[in-house]
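Chemist: give me a model of this one.
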Amino acid sequence: MNANSRTSALIEQRQSVHRFAERQGDYYSRQFEKIQSSNRITFSFNPHAALLGPLWASARNVWGFFWMSIIATLFALVLLGRGLWGELGADDLARAERLSSKSQEMAIKAQTALESGASNVEVLQRNADNLQRAADNAMLAAEAAVGGASQLIFWGALALIATMVIQGFMANIVYEMKYCRWRGGRSETSGFSQMNLLLGVVMLAVMVPLTLYRFTVATPVAWLIEFPTDTSIFTAAATWLDAGFDSIALKGAGFFNGITSGIRMLLDGLEVVLVDTPWPVTAMVILVMAWRLAGPRVALFTLAALAYLAFLGFWEKSMATVALLGAAATLCVLIGVPLGILCAKSPSTYAVARPVLDFMQTMPAFVYLIPIIAFFGTGKPPGILATLIFGMPPVVRLTALGIKQVPSTIVEAALAFGCTRRKLLLDVEIPLALPSIMTGVNQTILMCLSMVVIASLIGAEGLGTDVLQALQYAAKGQGLLAGIAILLCAMIIDRIVQGRFKRED
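Modeler: Residues are numbered from 1 along each chain as shown. This next block holds a predicted model:
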């Protein structure tokens with residue numbers, strides 16, 4: 001019975017391999033059985049894939065294998081092409097000719113100066129000798145490059161042979177993995193595709209000649225190196241954007257000024273607490289918070305960090321930086337947490353917000369400063385707005401993730417006991433999602449602090465100004481000390497927040 005079961009299973013597998021491969025089903029059935037029956041490395045060689053790796057991969061829809069094969073093949077062909085017909089040493093030869101021509105011109109000037117009795121004859125003759133010596137060195141370099149053609153041919157042929165051998169041994173293994181995924185019900189394309197084979201032929205016909213031409217000809221045509229652009233399009237687009245920014249800034253001046261005033265009020269309140277309050281009071285409050293929320297070890301670390309900030313003269317700037325951070329983080333939390341809850345509750349809202357969040361996280365930080373300056377000017381409030389754009393995505397994403405990960409059974413039980421939607425959110429979902437939400441808040445705080453240096457470019461001041469000045473004047477010591485101060489501010493906040501939740505756990 002067991003033998004019959006194995007036989008029937010083997011027949012069924014062979015039939016499925018035939019359906020999967022369509023062509024050469026018997027060959028792939030034997031190879032797949034060989035691969036699956038061995039517990040060690042199986043040596044299964046595919047001659048078609050070895051000779052025509054990219055074409056085999058495109059016909060069999062194994063596109064990862066296709067790209068790896070075409071990259072390795074192009075590398076080997078470029079080495080062979082440069083060795084066989086590449087213009088090796090052409091740049092050095094042209095340089096030698098230019099230097100030799102300049103040396104002759106300088107020698108003529110020296111001869112003219114000698115005949116006229118000028119005093120700079122020795123200088124001119126020395127320059128002519130130096131130029132001729134450089135020309136001789138360039139000529140030797142060109143000859144050495146030409147002499148290295150045989151080495152390029154050898155390494156290119158070796159790379160091509162190695163690529164073919166590796167393709168032959170890896171093809172059936174990769175194709176068997178694709179078959180297992182297909183048989184497991186995953187979305188894998190099966191069969192032999194003539195359209196994909198034609199696509200592979202077209203891609204090879206375009207990629208191979210152009211690549212060989214680019215790397216074997218000393219001076220290829222200009223359009224192959226640089227895209228033939230029209231600068232008038234760029235100029236027109238930039239002018240249109242400038243006019244658009246100016247128009248929006250002019251028409252929305254009241255709205256932008258209102259936002260700036262609101263942020264300035266929040267920032268002024270934090271600066272009164274952190275900067276204007278006597279430093280012993282501020283330090284004592286921070287130490288007590290560290291002790292109560294995170295424990296004695298974090299309190300000792302906080303004491304050492306505050307001592308560093310105080311004794312090196314960073315106290316006021318550090319508190320101004322923390323005020324900027326506090327304003328930015330507060331806005332991020334006030335906007336990000338409700339938005340994250342809305343994204344978790346409404347898939348359509350999250351579908352709209354997701355690309356916006358991706359844009360906010362992937363756009364280079366310096367680019368944020370352009371519209372910020374255009375609409376809000378410079379100073380601390382614009383710096384907070386730039387930090388807000390950079391630091392909000394983590395709290396939105398992690399809040400949405402935490403709400404979505406609340407077990408559905410708990411939600412159903414709460415609703416069954418008569419819990420309203422408001423009570424469900426406040427008393428069930430948010431408490432259960434709180435670890436994820438607080439992780440997002442922590443990440444937002446640290447990301448906001450990382451924007452301190454960039455925000456200083458538009459007048460946000462704080463410790464970022466010291467780092468910026470150190471970069472401008474190459475003041476290595478100043479920049480390092482200020483960077484450590486920023487690091488300590490981040491570590492104090494992180495240790496206090498993380499320590500609180502560790503103690504609760």
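Chemist: those helices in the stretch 1-150 of the chain, which residues are they?
Modeler: In order along the chain, the stretch 1-150 of the chain carries the following helices (DSSP state H, counting those that start in this stretch): 2-21, 25-37, 47-51, 53-59, 63-84, 90-116, 121-147, 149-183.
Chemist: format the ones you listed as CSV; extra columns: distance to residue 466.
Modeler: Glycine gets a C-beta too; all of them are placed from N, C-alpha and C. Rendered in CSV, the data for these read as follows (distance: least, C-beta to C-beta, whole Å):
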stretch, distance to residue 466
helix 2-21, 65
helix 25-37, 62
helix 47-51, 60
helix 53-59, 55
helix 63-84, 46
helix 90-116, 46
helix 121-147, 46
helix 149-183, 52
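Chemist: export those helices to a markdown table and tack on distance to residue 369 and mean neighbour count?
Modeler: Written out in a markdown table, the entries for those read as follows (distance: least, C-beta to C-beta, whole Å; neighbours: other C-beta atoms under 10 Å):
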| stretch | distance to residue 369 | mean neighbour count |
| --- | --- | --- |
| helix 2-21 | 55 | 13 |
| helix 25-37 | 56 | 16 |
| helix 47-51 | 52 | 17 |
| helix 53-59 | 45 | 24 |
| helix 63-84 | 38 | 18 |
| helix 90-116 | 41 | 16 |
| helix 121-147 | 46 | 16 |
| helix 149-183 | 46 | 17 |
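Chemist: residue 336: which of those is closest?
Modeler: helix 63-84 (37.7 Å; C-beta to C-beta).
Chemist: same for the closest one, what does it pack against?
Modeler: helix 53-59, helix 149-183, helix 194-216 (3 or more C-beta pairs under 8 Å, 6 or more residues apart in numbering; DSSP states H and E).
Chemist: output the ones you listed in CSV; the columns should cover mean pLDDT and distance to residue 32.
Modeler: Below are these laid out as CSV (pLDDT from 0 to 100; distance: least, C-beta to C-beta, whole Å):
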stretch, mean pLDDT, distance to residue 32
helix 53-59, 92, 16
helix 149-183, 89, 5
helix 194-216, 89, 21
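Chemist: any idea how far the residue nearest the centre of the chain is from residue 373?
Modeler: Closest to where the C-alpha atoms of the chain average out (C-alpha atoms, centre = their mean) is residue 362, at 8.0 Å. Here the criterion is C-beta to C-beta, to the nearest Å. By it, residue 362 lies 21 Å from residue 373.
Chemist: circling back to that earlier point, can I get the helices and strands packed on helix 63-84 in TSV including distance to residue 367?
Modeler: Output for the helices and strands packed on helix 63-84, formatted as TSV (distance: least, C-beta to C-beta, whole Å):
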stretch	distance to residue 367
helix 53-59	38
helix 149-183	40
helix 194-216	32
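Chemist: so which of these is nearest residue 395?
Modeler: The minimum distance between residue 395 and the helices and strands packed on helix 63-84 falls on helix 149-183, with 37.1 Å, by C-beta to C-beta.
Chemist: what's the spacing between the closest one and its chain's center?
Modeler: Computed by C-alpha atoms, centre = their mean, to the nearest Å, the separation of helix 149-183 from the middle of its chain amounts to 29 Å.
Chemist: now swap in stretch 95-105 and tell me
Modeler: On the basis of C-alpha atoms, centre = their mean, stretch 95-105 sits 45 Å off its chain's mean C-alpha point.
Chemist: what count of nearby residues applies to residue 284?
Modeler: Summarising burial for residue 284: neighbours were counted as other C-beta atoms under 10 Å, giving 11.
Chemist: per-residue confidence at it?
Modeler: In this model, residue 284 is scored at 89, pLDDT.
Chemist: what helix or strand is it on?
Modeler: The secondary structure element spanning residue 284 is helix 279-294 (assigned by DSSP states H and E).
Chemist: and that helix, what does it pack against?
Modeler: The criterion is 3+ C-beta pairs under 8 Å, 6+ apart, and the helices and strands that helix 279-294 contacts are helix 296-311, helix 476-504.
Chemist: columns mean neighbour count and mean pLDDT on top of those, output as a markdown table?
Modeler: A markdown table is the format used below for the helices and strands packed on helix 279-294 (neighbours: other C-beta atoms under 10 Å; pLDDT from 0 to 100):
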| stretch | mean neighbour count | mean pLDDT |
| --- | --- | --- |
| helix 296-311 | 16 | 89 |
| helix 476-504 | 17 | 76 |
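Chemist: need those in TSV (columns: distance to residue 132).
Modeler: Shown next, in TSV, are those (distance: least, C-beta to C-beta, whole Å):
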stretch	distance to residue 132
helix 296-311	61
helix 476-504	43
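Chemist: out of the ones you listed, nearest to residue 248?
Modeler: Across the helices and strands packed on helix 279-294, the minimum distance to residue 248, taken as C-beta to C-beta, is reached by helix 476-504, at 33.8 Å.
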